[in-house]
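Engineer: dropping the sequence and predicted coords here.
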Amino acid sequence: MTLNELFDEMELYGFEDFEDAQKLTLLNEAYFDIVTREPWPFLEKVVSFIVPSGVSQITSGSTFKVRASNNKLDNSLSNPVLIAFDEYTVNSVLSFIDTTNEIVMTPVRGDTMEKNYRFDDPTGTPCKYYFVGDDLFLYPAVNGDTTYRLYFLRLPVAATSATDTGAWFIPERHHSVVLYGALVKAFLVNDDPQAAAFQNMFESRYQQMRSDVWMNQYDRTDHIHVLSDSYDWAY
């Protein structure tokens with residue numbers, strides 16, 4: 001559904017006096033309410049990239065940039081017209097792997113790193129990663145170009161008149177749950193008692209979306225379970 005279609009539906013429920021900018025604010029608020037509840041599968045992303053020798057910082061303000069020409073991390077890039085690059089935003093890390101050396105990176109708290117490891121800034125083969133705010137770091141710094149695979153949850157962003165609903169990660173078939181969430185907020189703005197009824201509609205539609213999104217396969221293999229407890233043996 002496009003923003004204009006969502007705006008039209010809000011008007012069908014009696015909110016034709018709301019400006020489009022106001023409707024967009026309510027829709028974006030409802031969207032963020034939904035996507036921040038759970039680590040949704042539609043937020044997942046896997047990216048492989050090369051970290052140049054001597055580098056320890058992966059993201060800058062939740063964002064990292066990878067050159068299109070050689071797949072190398074380069075957060076100094078600012079103009080994709082001059083130098084093509086792909087930009088990604090990281091909300092939470094699910095898995096971080098050094099595929100060059102076949103190392104599964106170990107997450108460590110930033111303050112633990114500061115107190116127990118970072119007495120200097122050595123280079124080597126990193127085996128740990130940590131956050132300082134939204135910035136993701138390796139420890140120690142990479143010694144020699146190394147390929148990593150980062151499996152993460154993307155940082156949700158608001159829709160604008162320019163991006164339309166393409167900025168939302170929620171599948172289009174479930175945009176109605178965003179609409180119901182926005183309608184709840186709109187009724188609350190007007191101090192309308194219908195807000196409670198639409199809250200129930202929102203929660204019901206949310207659960208439908210949850211069941212659909214989280215269950216993406218129904219295939220199950222048969223297992224033969226070996227029992228080791230003697231009480232379960234048959235004599």
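Structural biologist: Structure's in. What do you need?

Engineer: make it CA atoms for all contacts and neighbour counts henceforth
Structural biologist: OK.

Engineer: which helix runs longest in the protein?
Structural biologist: helix 194-214 (DSSP state H).

Engineer: how far away is Pro126 from Thr89?
Structural biologist: Counting by C-alpha to C-alpha, to the nearest Å, the gap from Pro126 to Thr89 is 22 Å.

Engineer: the two: who's more crowded?
Structural biologist: The neighbour comparison of Pro126 against Thr89 (other C-alpha atoms under 10 Å) goes to Pro126, with 22 against 19.

Engineer: and stretch 162-178, average pLDDT?
Structural biologist: Averaging pLDDT along stretch 162-178 gives 96.

Engineer: isn't Asn143 right next to Asn101, touching?
Structural biologist: No: if you go by C-alpha atoms under 8 Å, Asn143 and Asn101 don't touch, sitting 11.9 Å apart.

Engineer: which one's more surrounded, the two?
Structural biologist: Asn143 (17 against 13).

Engineer: what pLDDT is listed against that one?
Structural biologist: 92.

Engineer: and Tyr218, by the same measure?
Structural biologist: Looking at Tyr218, the pLDDT reads 76.

Engineer: cool, Ile34 as well?
Structural biologist: 97.

Engineer: state whether it is indeed within a helix.
Structural biologist: Yes: looking at Ile34 with DSSP: H, G, I helix; E, B strand; the rest coil, it is inside a helix.

Engineer: which residues in the chain form helices?
Structural biologist: 3-12, 20-35, 110-116, 175-189, 194-214.

Engineer: low-confidence ranges, the chain, go.
Structural biologist: Low-confidence segments of the chain, defined by pLDDT under 70: 118-119, 221-235.

Engineer: domains for it, by residue range?
Structural biologist: 3-36+159-214, 41-154 (automatic domain parsing).

Engineer: I'd like the ones you listed laid out as JSON lines, including distance to Arg220.
Structural biologist: Listed next are those as JSON lines, based on distance: least, C-alpha to C-alpha, whole Å:
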{"stretch": "domain 3-36+159-214", "distance to Arg220": "15"}
{"stretch": "domain 41-154", "distance to Arg220": "20"}
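
Engineer: for Thr59, grab phi and psi.
Structural biologist: Phi and psi for Thr59, reported as degrees, to the nearest 10, are phi -110, psi 160.

Engineer: OK, contacts around it?
Structural biologist: Asn75, Val90, Asp134, Asp135, Leu136, Phe137 (C-alpha atoms under 8 Å, 6 or more residues apart in numbering).

Engineer: how close does Lys72 get to Val47?
Structural biologist: From Lys72 to Val47 the distance is 12 Å (C-alpha to C-alpha).

Engineer: comparing the two, which shows the higher neighbour count?
Structural biologist: Taking neighbours as other C-alpha under 10 Å, Lys72 and Val47 compare with Lys72 leading, 19 against 12.

Engineer: what's the closest non-adjacent residue to the more buried one?
Structural biologist: Ile50 (4.6 Å; C-alpha to C-alpha, 6 or more residues apart in numbering).

Engineer: next one: that neighbour from Asp98, what distance?
Structural biologist: When Ile50 is compared with Asp98 (using C-alpha to C-alpha), they lie 10 Å apart.

Engineer: mutual contacts of the two, please.
Structural biologist: By C-alpha under 8 Å, 6+ apart, the residues touching both Ile50 and Asp98 are Thr146, Thr147, Tyr148.
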